[in-house]
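> let's see this in three dimensions:
(3 chains)
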Amino acid sequence: MILHILNRAPGTSLVYREALAGMGPEDRLLLIEDGVNGALPSQVRHFEPVSNRLFALREDLASRGLVGRCDETVQVVDIDGFVELTEEADKTVSWF
Amino acid sequence: MRYALLVQGAPYSHQASHSALRFAQAVVARGHTLDSVFFYHDGVYNAARLAAPPQDEPHLPDAWCDLHAQHATALLVCIASALRRGLLDEREAVRHGKVGHSLEPPFELTGLGQLIDLGQRCDRLVTFSP
Amino acid sequence: MEPQAASRDDLLVILRHSPHGTSWLRDGLDAALVAAAFGQTVSLLFQGDGVLALLRGQGSGALGQKGTAATLEMLSLYDIDALFVDAEALARLGFAANELMLPTDSVDAARTAALLASHRQVLVF
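Predicted structure coming up:
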């Protein structure tokens, strides 16, 4: 299982498409930095193929005022959870 | 586990350096070893000795040095990326006939081979890009 | 459990940026060459605008800015011949595989995911 890390918002970059294309059936996707914009209910449809494997970093949501504004399908993790996700994956791939 | 980070974003221009530092602190807090941080592309600016950010902002180059002091994490700077961008240690400054130097220990200028070696040696290599 | 686990290659370098505008392409190629020189098995995947790196007829830029075509021509000297191209990106930009300067293997999303899974390390540039 690969942990994919995405730091771009779907509104400004199409790299999310390549990240999705690179994802295997068990892989997970973590949204960080501007990537967390993708966790909004209005944006989350872009990640529909991986909706049960979609995570967002809490502190990047918090600094942007987006905590509590995430779609309910997104699993919010703190920085400890980020490390834990990397522990559980065989490797990580960072898309930007 | 043994971790290494690859940082490719310039501090203060992109969040990449903040994210990498924050992740680095969390990695060691969870009991892992953070072997090295490799700075590539614009990430080499994290090693700028003369960086003087405003006092109410985090001093990222100093924060990397603290990480080294507390956890013996190697701070490896790609020499090819660094020289192009004016980041020279004392030895390179002399070699290129420059007055003054812009990079000093614990940051080390090194080749890209070190990054490949980290990828082989460490359990996890996590990249932070701009 | 992955079927590819028995024959894992070492490094997959994904190149997503076109030449000249940024140094991402060159930096990615440098990483690939160094890994190959260290004896690793290296594959390249050209994705998005990165497929433009493979067009024929590239030159240096204004003021002598170096391109990457010469580096691509050296790949075989480093035994890097596993070259993959994102078929959708190529089509989107209006090019066909036979217009590229090197022989490549076209991949769709399913093969892209398999490529990522089958390499021990993946670096995106």
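
> and the residue of chain B most remote from its centre, how far from chain A?
Residue farthest from the centre of chain B, counting by Cα atoms, centre = their mean, is B:Gly97 at 24.6 Å. To chain A, B:Gly97 is 37 Å away according to Cβ to the nearest Cβ, to the nearest Å. For the C-beta atoms, the positions are set from N, CA and C on the backbone; glycine is no exception.

> that residue and B:Arg91, how far apart?
Separation of B:Gly97 from B:Arg91 (Cβ to Cβ, to the nearest Å): 12 Å.

> hmm, stretch C:23-36 touching chain B?
Yes. Stretch C:23-36 comes into contact with chain B (Cβ under 8 Å from any Cβ of the partner chain), by way of C:23-24, C:27, C:30-31, C:34-35.

> ditto for stretch A:71-81
Yes. Applying Cβ under 8 Å from any Cβ, one finds stretch A:71-81 in contact with chain B at A:79-80.

> and that stretch, how far out from the chain middle?
Between the centre of stretch A:71-81 and the centre of its host chain there is 9 Å, according to Cα atoms, centre = their mean, to the nearest Å.

> list the buried residues in it.
With burial defined by 16 or more other Cβ atoms under 10 Å in any protein chain shown, the residues of stretch A:71-81 counted as buried are A:71, A:74-77, A:79, A:81.

> mind putting those in a markdown table, secondary structure and pLDDT included?
Shown next, in a markdown table, are the buried residues of stretch A:71-81 (DSSP: H, G, I helix; E, B strand; the rest coil; pLDDT from 0 to 100):
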| residue | secondary structure | pLDDT |
| --- | --- | --- |
| A:Asp71 | coil | 98 |
| A:Val74 | coil | 98 |
| A:Gln75 | strand | 98 |
| A:Val76 | strand | 98 |
| A:Val77 | strand | 98 |
| A:Ile79 | helix | 98 |
| A:Gly81 | helix | 98 |
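
> closest one of those residues to chain B?
A:Ile79 (4.4 Å; Cβ to the nearest Cβ).

> just the pLDDT at residue 90, thanks.
Going with chain A. A:Asp90 is assigned 97 on the pLDDT scale.

> oops, I was thinking of chain C
97.

> ok, now how distant is it from chain B?
Counting by Cβ to the nearest Cβ, the gap from C:Leu90 to chain B is 24 Å.

> mind checking the longest helix of chain B?
helix B:16-29 (DSSP state H).

> low-confidence ranges, chain B, go.
By pLDDT under 70, chain B contains no weakly predicted segment.

> show me what from it comes close to chain A.
B:1, B:3, B:15-16, B:19, B:22-23, B:25-27, B:29-30, B:32, B:124-130.

> now the buried members of the residues you listed.
Looks like the residues of chain B next to chain A have B:3, B:15-16, B:19, B:22-23, B:25-27, B:32, B:124-130 buried, using 16+ other Cβ under 10 Å.

> can you list the residue ranges for strands in chain B?
When assigned using DSSP state E, the strands of chain B occupy the ranges B:2-7, B:33-39, B:74-78, B:107-110, B:124-128.

> closest to C:Gly67 out of those?
Nearest to C:Gly67 among the strands of chain B is strand B:74-78; the distance by Cβ to Cβ comes to 20.6 Å.

> so the closest one versus strand B:2-7, what angle?
Angle of strand B:74-78 versus strand B:2-7, following axes from the mean of the first three to the mean of the last three Cα atoms, to 10 degrees, is 40 degrees.

> just checking, what packs against strand B:74-78?
strand B:33-39, helix B:60-71, strand B:107-110, helix B:113-121 (3 or more Cβ pairs under 8 Å, 6 or more residues apart in numbering or on different chains; DSSP states H and E).

> let's go with 10 Å and repeat that
Helices and strands touching strand B:74-78, by 3 or more Cβ pairs under 10 Å, 6 or more residues apart in numbering or on different chains; DSSP states H and E, are strand B:2-7, strand B:33-39, helix B:60-71, strand B:107-110, helix B:113-121, helix C:24-37.

> the closest residue to C:Asp30 other than its chain neighbours: how many residues sit nearby?
Computed as Cβ to Cβ, 6 or more residues apart in numbering or on different chains, the closest residue to C:Asp30 that is not its neighbour in sequence is B:Leu112, at 6.0 Å. By other Cβ atoms under 10 Å in any protein chain shown, 22 other residues sit near B:Leu112.
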